[in-house]
Every structure is written in structure tokens, then in C-alpha cells.
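Undergrad: I'd like to go over a predicted model; first the sequence, then the structure.
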Amino acid sequence: MPMWLEVIVRTLVAVVVLFILTRLLGKRQISQLSFFEYITGITIGSITAYISLDINTDWYLGLIAVTVWFLVSIGIEYLQIKSKKARDWIDSSSTVLIKDGKVLEDNLKKEKLTNEELMEQLRKKSIFKVAEVEFAVIEPDGQINAMLKNEYQPLTPSQLGIKVAPEPEPQTVIIDGKIMDEPLATLGLNRKWLNTELEKLGVSLDNVNLGQVDAYGQFYVDLYDDQITVPQPQEKAVLLAQLKKCEADLEMFALSTDEKAAKKLYGDCSANLQQVIDQVKPLLIQ
């Protein structure tokens with residue numbers, strides 16, 4: 001067999017073996033790999049390259065080496081699943097770096113981190129003052145997670161006593177100028193509705209790079225031609241205006257009648273509708 005052909009065959013075999021082993025080892029991201037998994041990945045990759053290029057050595061020896069590394073890695077993962085002590089010894093454990101707004105210098109030195117590196121990681125999480133941090137730890141994968149003190153955390157609706165209904169994720173109904181039927185069906189919509197919305201915006205399907213529909217039925221598009229200005233959907237604003245008009249009409253009816261029962265009915269309906277408007281207004285002015 002010619003040398004060039006042998007290199008091609010070895011490389012193809014190495015690629016297939018590496019792909020199979022990678023799938024079997026799992027889908028953890030590089031940032032989530034333990035030290036041993038990181039070393040295993042580098043070693044298996046190096047051996048695979050050796051299999052494809054070193055034609056003076058029997059290829060099956062490289063496969064044996066890769067298989068051994070694979071089995072050892074699988075064994076280590078199984079041991080980690082079964083034993084917390086093994087996990088702590090192999091992956092190490094989290095280390096507290098900041099507590100009550102104070103940096104723990106001994107732990108920082110233990111993890112071989114400088115103050116500059118710590119501040120860099122905090123800034124990536126939009127934290128610029130150490131004094132605002134209640135608790136910060138460095139995880140086994142090297143990531144630093146921090147929790148702000150209560151007084152510096154952003155307010156949430158639950159803290160204000162406001163109940164917020166869950167909002168379904170937006171559905172992407174157009175990708176690269178092609179209609180996605182499954183997301184449309186998820187929303188209970190069809191192509192006729194979508195074509196009508198495109199006509200309202202005055203754009204053609206083949207000029208749409210991306211199209212999405214949110215939980216409230218609002219349709220948004222991103223066009224290939226960025227010079228074209230797409231009008232913003234007005235359904236929410238129209239609905240709010242209609243609700244306000246109904247409330248004003250009810251109030252006018254209450255003022256214009258002399259019959260007590262009718263006046264009370266119109267007044268109560270007006271007050272109830274105003275409460276509804278106050279509740280839905282934050283959603284309709286987005």
C-alpha cells in the first residue's frame with residue numbers, strides 16, 4: 001500500500017475511533033472538565049494523531065493505548081459517581097474566596113489566584129465592589145460564583161408581592177427565509193396567519209433572516225437588508241388604547257344617567273376595568 005494511502009486510511013480510522021470514544025465519554029464542556037478528564041482528552045488526542053502519522057509502528061498498538069486510557073477514564077467516572085470521597089480527591093472541592101464582603105487571602109493563595117484575577121472574574125459577573133459580595137466560591141472547574149448581599153441584589157416581583165404568570169419561550173417561525181411549521185403549530189398558528197403578518201410589515205419571506213413570535217402573539221423579524229426599517233408591532237398599544245376607551249365610556253355612562261342602579265353598575269364596571277388595565281399595562285407597554 002502506498003505511504004500516502006496508508007496515512008489516509010490510518011487518519012480515517014483514528015477519526016472514527018476518536019469520535020466514538022468522545023461520544024461514549026459524554027458531552028461535558030471544556031470548562032466543566034476535571035483535571036483528569038482534561039489530561040485524558042489531551043492524551044487520547046495525541047495518541048490518535050500518532051496512529052494516523054507514525055507508519056513505522058503497528059497501528060493496533062495505538063488503538064490498544066487509546067482503549068486503555070478510555071477504560072481508565074470510564075473507571076474514574078464510575079468511581080466518582082459511587083464515592084463522594086473519590087470525587088473530592090479527584091476533582092477537589094469548592095473553596096470559599098469571599099465571605100461577608102471580606103477576601104480570604106489564605107484561600108486565595110491556596111488556589112494560586114491573585115487579587116487582580118479575582119476582581120476580573122467578579123467584573124465578568126457585573127460585580128465591581130468586593131464589599132457588596134456576601135459569598136464567593138471557586139468551583140472545581142475553575143469558575144467563580146458569587147452571591148451579592150441582600151441589599152445589593154436586584155428587586156424581583158416576588159419581593160414586591162407581585163405574582164407574575166409564567167411566560168412561554170418565543171418560537172422561531174422563520175429561519176433563513178424558510179417557514180418552520182412545527183413552531184407555528186406549537187403556537188396554534190398557520191402559514192396563512194404568518195403571511196398576513198408579513199404583509200402588514202411590508203416585507204417578503206425571502207428577505208427575512210429570522211422571524212419570531214412571542215407568547216403574546218407579537219411577530220418580530222430580522223431582515224437580510226439592515227437598511228430597511230421594519231415597523232414595530234402595534235397590537236399591544238392598540239389593545240391598551242381600546243381598554244382605556246372602554247373604561248372612559250363606562251365612566252361617562254355612569255355620569256350621564258340618573259338611575260341609581262345603572263349608575264352603580266357602570267361605576268363598578270369602570271372601577272373593575274381600571275384594575276384590569278393597571279394589571280396588564282406593564283405587559284402592553286413593553
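TA: Sure, I can see it. Numbers count the residues shown, from 1 in each chain.

Undergrad: CA only for contacts and neighbour counts going forward, please
TA: Fine.

Undergrad: Quick check: the gap between Val133 and Lys110.
TA: Using C-alpha to C-alpha, to the nearest Å, Val133 is found at 20 Å from Lys110.

Undergrad: Looking at the two, which is more packed in?
TA: Using other C-alpha atoms under 10 Å as the criterion, Val133 and Lys110 rank with Val133 on top: 23 against 10.

Undergrad: Quick check: phi and psi on that one?
TA: phi -90, psi 120 (degrees, to the nearest 10).

Undergrad: Can you name the residues bridging to it?
TA: Using DSSP bridges, the bridge partners assigned to Val133 are Leu148.

Undergrad: and what of the one 4 residues further on?
TA: Val137 has the following beta-bridge partners by DSSP bridges: Val96, Asn145.

Undergrad: Give me the neighbour count for it.
TA: Counted with other C-alpha under 10 Å, Val137 comes out at 18.

Undergrad: And for the one 3 residues further on?
TA: Pro140 is surrounded by 18 other residues when neighbours are defined as other C-alpha under 10 Å.

Undergrad: That one falls within a strand, correct?
TA: No - counting by DSSP: H, G, I helix; E, B strand; the rest coil, Pro140 is located in no strand; its state is coil.

Undergrad: Quick one: the strands in the stretch 1-150 of the chain, in order.
TA: Secondary structure of the stretch 1-150 of the chain by DSSP state E, counting those that start in this stretch: the strands cover 95-99, 102-103, 133-138, 144-148.

Undergrad: Then the stretch 151-286 of the chain?
TA: So, for the stretch 151-286 of the chain - with DSSP E, counting those that start in this stretch - the strands run 171-175, 178-179, 208-213, 219-223.

Undergrad: Of those strands, which is nearest Arg191?
TA: Proximity to Arg191 (C-alpha to C-alpha) singles out strand 178-179 among these, at 7.8 Å.

Undergrad: which residues sit against that closest one?
TA: Strand 178-179 is contacted from outside by 173, 191, 205-206, using C-alpha atoms under 8 Å, 6 or more residues apart in numbering.

Undergrad: mean confidence score for that strand?
TA: What strand 178-179 shows for mean pLDDT is 92.

Undergrad: Identify the neighbouring strands of that strand in the sheet and state each direction.
TA: Strand pairing (DSSP bridges) places strand 178-179 next to strand 171-175 (antiparallel).

Undergrad: Okay then, goodbye and thanks.
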